[in-house]
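[1] generate coordinates for the sequence data below:
(2 chains)
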Amino acid sequence: MGKEVLFSAQNITKQYPGTLALSNVSLEIEPGKVVGLVGENGAGKSTLLKIIMGIEHPTEGGMKMHGETYHPQSPIEANKQGIGMVFQEQSLIQNLTVGQNIFFGQEENYTRFGILNKKKMYEDAKEVMNAVELEHIRADKKVSTLDFATRQMVEIAKVFHVAKREDGKGCVILLDEPTSVLNEGEVQNLFKNVRKMTAKGNSVVFISHRLDEVLEISDYIYVFKDGKNVCELDRKDADEDILYEKMVGKTASGEYYQIHRQTKPQAEVLMEAKGLGMRGYFRNINFSLHKGEVVGICGVVGSGKEELCGVICGDEEATSGSLFVRGKEVHLKHPYQALAQGILSIPKERREESVIEDKTIYENISMSNYKKVSSNGLISSEKEKQQAEAYLKELAIKAPSISQQVGFLSGGNAQKVVFARILASDADILLLNHPTRGVDIGAKGEIYSLIRDITAQGKGVIVLGDTLDECIGLSNRLLVMKDGEITKELDASADHKPEQVDIVKYMM
Amino acid sequence: MSQIKSNILKKENFNKIFSVASLVILIIFFTIMNQSFIGVYNIKNILTDMSPLLLMACGVSFVLFLGSIDLSMGSIASCAAVMLTFLLERMGPLAYVVVILYGLAAGFLNGMLHTKLKVPSFIATLSTQSIWQSAAYLISGGMPMVMIPAVWPYVDWAKISIGFLPLLFLVAAAVLAVCYVIQKKMVVGRTMLALGTNERASRLIGLEVVKAKVVAFTISGLLAAVGGIFFAVKLKSGIPTVGEQYNLMAIASAVLGGVMLTGGKGNVLLTVLGVGLITVIQNGMNVIAVDGFWQKIVFGLLVIIAIFMNTDKSRRNLVVK
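    Prediction:
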């Protein structure tokens, strides 16, 4: 095409055991441009970024930076080549100052006879901060005293500094969901900085779930779906609907979420929250969950939805208000107490929170309800195995045997094991926190089908969707949370699904 | 992936295979050195010697399943031995009950310090070790206490044997069997192993994590006290330092039997391998008359070797504890 290219990736493929994360992906970044990357969770964006940063290595394909072969072995090497990344999870060290964080790993430049010259370090830090118009942040402040948005800005300043090339050529900054914790003014400030960086010939890769932001800041946009790069669009040719259609693959997602199987909630109330609150996170939450109902909770990170979920499943303690289960007030301090009331959650981080990886499939399945596989108070491995065999068939879990360690299963199959445990638990109030996170598309469909089965049995489900679309598709009713409060309650019955935009306006 | 799996299997089995092989080699070696090693009298001796260590290795296994450690067992055993000697004169057979209750309480205390006050088990049990050791010295006046002949009838059961199997060994074996049931068949045992691998997940799965921890420490304390009772009845005396070596030996036995120090893995039944190995070495060194101080050096080295072999380096990538 004859255009100038700062960075390019050709035919990148990344194969993980059991899943193909990226398949034949190519990408070109022109100098001075902002490139948007969009796609659903699990579409492969994060994997691509990790490969660009040298955290992961491609199975096939190569990359070029300034026309030279680029094959980083670590993020430090990537930085040296002029590529820096602001991670989704903040990576600043909380108990160091802003200046110390910016020059972390470069202390030898400020050390004389083993003693750190902080004054000089802070002066230099000031300069780095000035370059991105953050004069108001003092370099000697501890990071832990800054709010989330400011930390994010510091991190961007730091990354911009470390990725600066010695030869003065343009660099590439990768921003992974940088706006998820920022408010509107902060977002605009970020965009101003991004534009300033690009005006100097640097390029920025911008990843966000907020399509309007991507459209606002990007010059052109790559859309990812299921590990493939489905299209490249100029900003002029794109709008939210087009992007969305490309991302999901279809506009009408009714069939996907099996909305025709959505049950009508029964009159009986399973659980009710009255004025529920947790200091510093959320307050005055009122809602009820009926038998056979799916209630979706939407909100951005920091809206308090995760903490609300934690309180309901007994992981956190409420500081005000009350929770009623089947009409009786309960005080939960531990998840096992919640389980005794029939409440069980599928937490967000599967590996860390919902499976015991070095234990077998059958042991994992029986963990939330040992009574079911016991006789005379002793666990019967015979019964455990029978139960597991039955679920293996019912949920079509792909595994060599029920004695396989769960850690060796793919994301989708491990999640099905978690669902098997939830089903075996006989709990009837289920909290599904990102139930399809890191699950491939096929298994997603099966999980949606399972959720429909669960409600058909009269159980109640609270879902924190992996995407807003998922939340809408699955739920009978939606609660929108913002800054720790429910800002809107929306009906989402099968023939009356709200649009994403209608919900987003209550979230922001 | 199958390769990874076979590597892990190998790693897990390595200590067990090592233990069995060493045991066989040592028995042959000591028999060649001294014919009487394999005689009925010495076998009885070995089995009797094994019994308290078997109890303590079994108890500490539960704590190791959690990924925690119990360093107070040795002094709980010492204190129990001294207490039994002291109390038998004064209250007769009821002393056994008191000492058992003491073991339960001491273990429970460790568990509470660890779970409620959130003191790391290493520090909590190191502190209680000091407390119980001092208690043992205070009760005994710092000297070995000898049981008066009047209480001998209460302790003579220790001499009973069924065939070549001493009663003490049979009791220890029965305890081992009960521990196996706790580990494999009871929710509390399963919980210990689950939380040893992943405490956060275990909690969210709905397991009673705190209870399992307290129970593990309590079992460890109880079995340490029963081990102390064994020492006392075997020797007809209460020696305030009798358990000193046994912290290390119990942990080494468990590790030689395949229990992972990082938690989550192991089998109480297999501690018998480690216990057998250590007792045979000790007994064999006595039979061929190795100096007692040299024996301690041998044990120290053995523990280092056992733990080195059992440290699964690959795990560091998966779990940070």
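
[2] which residue packs closest to the closest residue to chain B within the stretch 101-250 of chain A, ignoring adjacent ones?
    Among the residues of the stretch 101-250 of chain A, A:G227 lies closest to chain B, at 20.0 Å counting by C-beta to the nearest C-beta. C-beta coordinates here come from the backbone N, C-alpha and C atoms, glycine included. Distance criterion C-beta to C-beta, 6 or more residues apart in numbering or on different chains; nearest residue to A:G227, sequence neighbours excluded, is A:G44 at 4.2 Å.

[3] was I right about the one you found contacting A:L22?
    Yes. A:G44 is within contact range of A:L22, at 4.7 Å (criterion: C-beta atoms under 8 Å).

[4] list residues touching both of these two?
    Common contacts of A:G44 and A:L22 (C-beta atoms under 8 Å, 6 or more residues apart in numbering or on different chains): A:K14, A:G227, A:K228.

[5] who's in contact with the last one?
    Taking C-beta under 8 Å, 6+ apart as the contact definition, A:K228 lies against A:L22, A:S23, A:N24, A:V25, A:G44.

[6] pLDDT on the helix or strand harbouring the third one, on average?
    Spelled out, it's A:N24. In the assignment (DSSP states H and E), A:N24 maps to strand A:19-29. For strand A:19-29, mean pLDDT rounds to 84.

[7] can you give me the buried ones in that strand?
    A:T19, A:L20, A:A21, A:L22, A:S23, A:V25, A:L27, A:E28, A:I29 (16 or more other C-beta atoms under 10 Å in any protein chain shown).

[8] identify the residues contacting the residue nearest to A:G227.
    Contact partners of A:G44, counting by C-beta under 8 Å, 6+ apart, are A:K14, A:A21, A:L22, A:V25, A:F224, A:D226, A:G227, A:K228.

[9] from the buried residues of strand A:19-29, which is closest to A:G296?
    Among the buried residues of strand A:19-29, A:T19 lies closest to A:G296 (C-beta to C-beta), at 26.7 Å.

[10] let me know the angle separating the strand or helix carrying A:E232 from strand A:19-29.
    Secondary structure assigned from DSSP H and E places A:E232 in strand A:228-234. On the basis of axes from the mean of the first three to the mean of the last three C-alpha atoms, to 10 degrees, strand A:228-234 is oriented at 20 degrees to strand A:19-29.

[11] in strand A:228-234, what's buried?
    Judged by neighbour count (16+ other C-beta under 10 Å), strand A:228-234 contains these buried residues: A:K228, A:N229, A:C231, A:L233.

[12] also stretch B:173-190?
    In stretch B:173-190, counting by 16+ other C-beta under 10 Å, buried: B:173, B:175-176, B:179-180, B:182-190.

[13] and the pLDDT at the closest residue to B:T48 other than its chain neighbours?
    Spatial nearest neighbour of B:T48, chain neighbours left out: B:P166 (4.7 Å); criterion: C-beta to C-beta, 6+ apart. On pLDDT, B:P166 comes in at 94.

[14] how about B:P166, phi and psi?
    Main-chain dihedrals, B:P166, degrees, to the nearest 10: phi -70, psi 150.

[15] residue contacts, it?
    B:P166 neighbours (C-beta under 8 Å, 6+ apart): B:K44, B:L47, B:T48, B:S51, B:A158, B:I160.

[16] right, and the helix or strand after the helix or strand where the third one lies?
    Taking DSSP H and E as the criterion, B:T48 maps to helix B:40-65. If you walk from helix B:40-65 toward the C-terminus, the next helix or strand you reach (DSSP H and E) is helix B:73-91.

[17] which secondary structure elements does that following helix contact?
    The contact analysis (3 or more C-beta pairs under 8 Å, 6 or more residues apart in numbering or on different chains; DSSP states H and E) places helix B:73-91 against helix B:40-65, helix B:94-115, helix B:121-140, strand B:145-146, helix B:209-235, strand B:237-238, helix B:246-256.

[18] buried set for that helix?
    So, applying 16+ other C-beta under 10 Å, buried residues of helix B:73-91: B:73-88.

[19] check the burial of the residue in chain B that chain A sits nearest to by counting its neighbours.
    Taking C-beta to the nearest C-beta, chain A has its nearest neighbour within chain B at B:G206, 3.5 Å off. Residues near B:G206, counting by other C-beta atoms under 10 Å in any protein chain shown, number 26.

[20] cool, B:K159 as well?
    The number of residues packed near B:K159 is 12, by other C-beta under 10 Å.

[21] what of B:I304?
    Counted with other C-beta under 10 Å, residues neighbouring B:I304 total 11.

[22] and it, that's in a strand?
    No. Using DSSP: H, G, I helix; E, B strand; the rest coil, the secondary structure at B:I304 is helix, not a strand.

[23] quick one: secondary structure of the residue in the stretch 151-300 of chain A that chain B sits nearest to?
    Minimum separation of the stretch 151-300 of chain A from chain B (C-beta to the nearest C-beta) falls at A:M271, amounting to 16.6 Å. A:M271 falls in the strand class when you classify it by three-state DSSP.

[24] and the residue of chain A found nearest chain B, what element?
    Relative to chain B, the nearest point of chain A is A:L339 (3.5 Å; C-beta to the nearest C-beta). Element membership for A:L339 (DSSP H and E) is helix A:335-340.

[25] buried set for that helix?
    For helix A:335-340, burial by neighbour count (16+ other C-beta under 10 Å) applies to A:P335, A:Y336, A:A338, A:L339.

[26] which two in these are spaced the farthest apart?
    Longest distance between any two of these is 7.3 Å, between A:Y336 and A:A338; criterion C-beta to C-beta.

[27] what touches both of those two?
    Shared contacts of A:Y336 and A:A338, counting by C-beta under 8 Å, 6+ apart, come down to A:G314, B:G206.

[28] can you give me the strands in the stretch 151-300 of chain A?
    In the stretch 151-300 of chain A, the strands defined using DSSP state E, counting those that start in this stretch lie at A:172-176, A:203-207, A:220-225, A:228-234, A:269-278, A:282-290, A:294-298.

[29] can you list those strands in a markdown table and add mean pLDDT and distance to A:E123?
    Converted to a markdown table, the strands of the stretch 151-300 of chain A look like this (pLDDT from 0 to 100; distance: least, C-beta to C-beta, whole Å):
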| stretch | mean pLDDT | distance to A:E123 |
| --- | --- | --- |
| strand A:172-176 | 87 | 24 |
| strand A:203-207 | 90 | 27 |
| strand A:220-225 | 88 | 39 |
| strand A:228-234 | 85 | 43 |
| strand A:269-278 | 93 | 43 |
| strand A:282-290 | 93 | 42 |
| strand A:294-298 | 92 | 46 |
